[in-house]
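**Q** Quick check, what structure comes out for this input:
(chains A and B)
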Amino acid sequence: MNNSREIILERLKNNTNETSHIKVNVAKKTYHWSKEEMIAKLSEKLQSARAETCVLSDAELIDWLNEELPKRGIRNILIGTSIAKQLSQYINNEIEVLKYEDSYESWSEKLFNETDASITTTIGAIAESGSIVLHPTPHEPRLMSLVPNIHIALVYEDTIYETFDQIISTQHWSENMPTNALLISGPSKTADIEQVLAYGVHGPKELIVLILTS
Amino acid sequence: MQQIKSLENRIDEALSNEQLHTNFRSAMSFLMEKRRDQFPDEKQLNNEREVASSIRSNSVTQLPELLIKLEENLEKNNIKVHWAETDLEANNIVYQILKDANAKTVVKGKSMVTEEIELNEFLDNKGIEILETDLGEFLVQLANEKPSHIVMPAIHKNRKEISKAFFDHFPEFPYTEDVDLITQQVRKILRERFRKADAGISGVNFAVAETGTLCLVENEGNGRMCTTAPPIHIAVTGIEKVVEKLSDIPPLLDILTKSATGQEITTYFNMISSPRREGEKDGPKSMHLVLLDNGRSKIHQNNDMQETLKCIRCGSCINHCPVYTQLGGHAYGTVYPGPIGITLEPQKQGITQLGELTSLCTMCGACGEVCPVQIPLPKLINKLRSEAVEGNNTNELIEGTRSKRKPLESLSWQVWKQVYSSPFIYSIFSKIATKLNFISPKKLGKWGKYRITPRPSKQSLKELANQAGFDNE
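**A** Okay, the predicted model is just below:
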């Protein structure tokens, strides 16, 4: 069965060309942005992709949630098990807190059809492109940032990096790749019909990024 | 001959379709402008192209080593690797995986390589339901058509045509031409399919050898759905998509999205390195990668044409091609249209069958100028043209070299060469041509179909110059 493997590799090795490795001269981009500039850049880029952003202190988060969630008609919210402890006891009783405690298959219908919003943490953000970066875990599984209509992401100001390259190298991704790594740069969108932008085609219709200052 | 005729018919059809023209002209202008806005500084753009080009050159020149490394790391990550030499083999591999798992319904993310192997038709014939989920691909599948652009598959259709096709299939939804409403209707239909599908199929934008990671670029989220919700994920990719290191990804991603759709970054960049691990609550339970050759290793052996394999499928050459803009994607009759298509397809399927495609080029050079990985497309197209008529017919790396040689055409060029290389013969020729200009042909075949046929003037330039008092040098 693996005959094809040998045939393909044999053919590829047959090339008579000198295979000299070209040195890649990537001038590592650095902007030397201050923390404030990073927050401003990240917010600006995310907003231009129609994400909402808000800068809050840790202490203001609960108030923000209790005020904003009902305003947006959110009846229930899926919270990762790692931060649920911190948050759930403070969240307004009228909003049901859902937890992703069992495997996806056991509650997929509810996740797809009845979950209004989710809150996840991030492992950082990229100011240059306006992206939040997630490494889903058993506490915050992969579909949490995709299936609910509204995704609220928490970004700690100290984890904002200038570029994608910086976050990969500073956090040593190549030595320890997570099962799934995601860059998210706005709500789901499409321009497949007459190049007209439409939002919320398959993933979240809204992305809200809360930048938390300490 | 059949192929020539049908290509000509398709061209005539495309050229006489006003609606098609309007759709493509506006779409291409839109994409060109958006790309231009992303690259305000030409010097910086050229540096970035240089970097991206070196990364891809390294991938191509080290292809066998990188593929072995990729396989090793993917297997370590619990992703099963399959090798397919031909389209049929790839289709059978996918079918076998689905059959073994008793999978009946499949959701699919946008992937040109699965178009190339005609996976949908294959699985359909085996009784497996396969549903396109990228909005554009979904609409194209509804209309029973093929994508006309590798990045924007439904670019040939306007919203009226789309609304009609949608309503014909889903009369339960109210008819609308509102793009937001159509999008929401499709969302409703497809979410249930994602949830219930037995398997998901996707392509791959980059495969990282160092870490065993498959990267996918998208805006809609259907790619993430297909690769995360169903219990099985099968990715299919051409063998050339591998890159060496994770650090190669940021510059490639950056130039890919800017070149393709003029976006600084897409909504999602999805890097998958493993199926669901113990303790994880979602993600596919098993993952497969099918590595497809289908003619690529032959291109790799051909030093003159090897750069074809550097392509990252951004579609920028297509967006900037004046011929594509006039014809649209379907006239090419191949999976990949435009400059990259006429370079790739004759190499894969042979010049005998597809050599004519290389004539769909004005040699304007735009494709080579915009290519983010600096593939010298005009040079490669020209090389194929020359292989088609002057090539060595024992060349085993491209089928059909010299097959397009026509006796009358080659005789004319021989005569032309003789005339223009001898001043004496040339002067006789120009005398005859000017004095007997009234017998020159009124129509010059196909070339003259849309052009005014030129006639030799009564006096040659040399004669006019002499009369004006210039010395003969």
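
**Q** helices and strands of chain A: which one bottoms out on pLDDT?
**A** Least confident helix or strand of chain A, by mean pLDDT, DSSP states H and E, is helix A:81-88 with a mean of 85.

**Q** what's the offset of that helix from the middle of its chain?
**A** Centroid separation for helix A:81-88 versus its chain: 18 Å, with CA atoms, centre = their mean, to the nearest Å.

**Q** Name the residues that touch the helix or strand following that helix?
**A** For helix A:81-88, the following helix or strand on the C-terminal side (DSSP states H and E) is strand A:96-99. Strand A:96-99 is contacted by residues A:75, A:76, A:77, A:78, A:79, A:81, A:84, A:87, A:88, A:91, A:110, A:115 when judged by CB atoms under 8 Å, 6 or more residues apart in numbering or on different chains. Bear in mind the C-beta positions are built from the backbone N, C-alpha and C, glycine included.

**Q** Return the list of helices and strands in contact with the least confident helix or strand of chain A.
**A** Contacts defined by 3 or more CB pairs under 8 Å, 6 or more residues apart in numbering or on different chains; DSSP states H and E place helix A:81-88 against helix A:60-71, strand A:96-99, strand A:117-121.

**Q** Let me have the ones you listed in CSV, adding mean neighbour count and mean pLDDT as columns.
**A** Below are the helices and strands packed on helix A:81-88 laid out as CSV (neighbours: other CB atoms under 10 Å in any protein chain shown; pLDDT from 0 to 100):
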stretch, mean neighbour count, mean pLDDT
helix A:60-71, 15, 95
strand A:96-99, 16, 95
strand A:117-121, 24, 97
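
**Q** sorry, back to before: write the ChimeraX selection for whichever of the contacts of strand A:96-99 are buried.
**A** Only the buried entries of these go into this ChimeraX selection, using 16 or more other CB atoms under 10 Å in any protein chain shown:
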select /A:76,77,78,79,84,87,91,115
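
**Q** Now chain B against chain A: closest residue?
**A** Residue of chain B nearest chain A, by CB to the nearest CB: residue B:221 (2.7 Å).

**Q** if I pick that residue, what's in contact with it?
**A** A:146, A:188, A:201, A:202, A:203, A:204, B:267, B:268.

**Q** Okay, it and residue B:11: tell me how far apart.
**A** Distance, residue B:221 to residue B:11, by CB to CB, to the nearest Å: 38 Å.

**Q** got a list of what residue 211 touches?
**A** With no chain named, the answer covers chain A. Residue A:211 makes contacts with A:39, A:42, A:43, A:53, A:54, A:55, A:56, A:125, A:155, A:156, A:157, A:160, as judged by CB under 8 Å, 6+ apart.

**Q** that's the wrong chain, I wanted chain B
**A** Counting by CB under 8 Å, 6+ apart, residue B:211 has contacts A:173, A:174, A:177, B:73, B:246, B:273.

**Q** after the least confident helix or strand in chain B by mean pLDDT comes which helix or strand?
**A** Least confident helix or strand of chain B, by mean pLDDT, DSSP H and E, is helix B:2-15 with a mean of 80. Next helix or strand after helix B:2-15 toward the C-terminus (DSSP H and E): helix B:18-38.

**Q** Can you check what angle separates the following helix or strand past that following helix from helix B:18-38?
**A** On the C-terminal side of helix B:18-38, the nearest following helix or strand under DSSP H and E is helix B:42-61. On the basis of axes from the mean of the first three to the mean of the last three CA atoms, to 10 degrees, helix B:42-61 is oriented at 100 degrees to helix B:18-38.

**Q** residues in contact with helix B:42-61?
**A** Contact partners of helix B:42-61, identified using CB under 8 Å, 6+ apart, comprise A:17, A:19-27, B:39, B:66, B:240, B:242-244, B:248, B:251-252, B:254-255, B:300, B:306-307, B:309-310, B:312, B:371-374.

**Q** Report the residue spans of chain B with pLDDT below the cut-off.
**A** Per-residue confidence for chain B (pLDDT under 70) gives these ranges: B:1-5, B:472-473.

**Q** So which residue is smack in the middle of it?
**A** Centroid check for chain B by CA atoms, centre = their mean gives residue B:336 as the closest residue, at 3.3 Å.

**Q** how many other residues sit next to the nearest residue to residue B:13 once chain neighbours are set aside?
**A** Excluding its sequence neighbours, the residue lying closest to residue B:13 (CB to CB, 6 or more residues apart in numbering or on different chains) is residue B:331, at 7.2 Å. A count of neighbours around residue B:331, defined by other CB atoms under 10 Å in any protein chain shown, yields 24.

**Q** cool, residue A:36 as well?
**A** 10.

**Q** And residue B:453, by the same measure?
**A** 12.

**Q** That one reaches residue B:437, doesn't it?
**A** No - between residue B:453 and residue B:437 there is no contact under CB atoms under 8 Å: 12.0 Å.

**Q** quick one: common contacting residues for the two?
**A** Between them, residue B:453 and residue B:437 share no contacting residue, judged by CB under 8 Å, 6+ apart.

**Q** For the residue of chain A at minimum distance from chain B, give me its contacts.
**A** When distances are taken as CB to the nearest CB, chain A reaches nearest to chain B at residue A:203, 2.7 Å away. Taking CB under 8 Å, 6+ apart as the contact definition, residue A:203 lies against A:146, A:147, A:151, A:187, A:188, B:220, B:221, B:224, B:225, B:267, B:268.

**Q** What of residue A:194?
**A** Residue A:194 makes contact with B:158, B:159, B:179 under the criterion CB under 8 Å, 6+ apart.

**Q** redo that, cut-off 6 Å
**A** Residue A:194 sits next to residue B:159 when contact means CB atoms under 6 Å, 6 or more residues apart in numbering or on different chains.

**Q** State the distance from it to residue A:138.
**A** 42 Å.

**Q** Break chain B down into its domains, please.
**A** Taking automatic domain parsing as the domain assignment, the ranges for chain B are B:1-38+B:306-405, B:39-294, B:420-467.

**Q** Now tell me what touches stretch B:307-316 from outside.
**A** The contact list for stretch B:307-316, computed with CB under 6 Å, 6+ apart, reads B:56, B:60, B:150-151, B:240, B:256, B:259-260, B:299, B:340, B:343-344, B:370, B:372-373, B:375.
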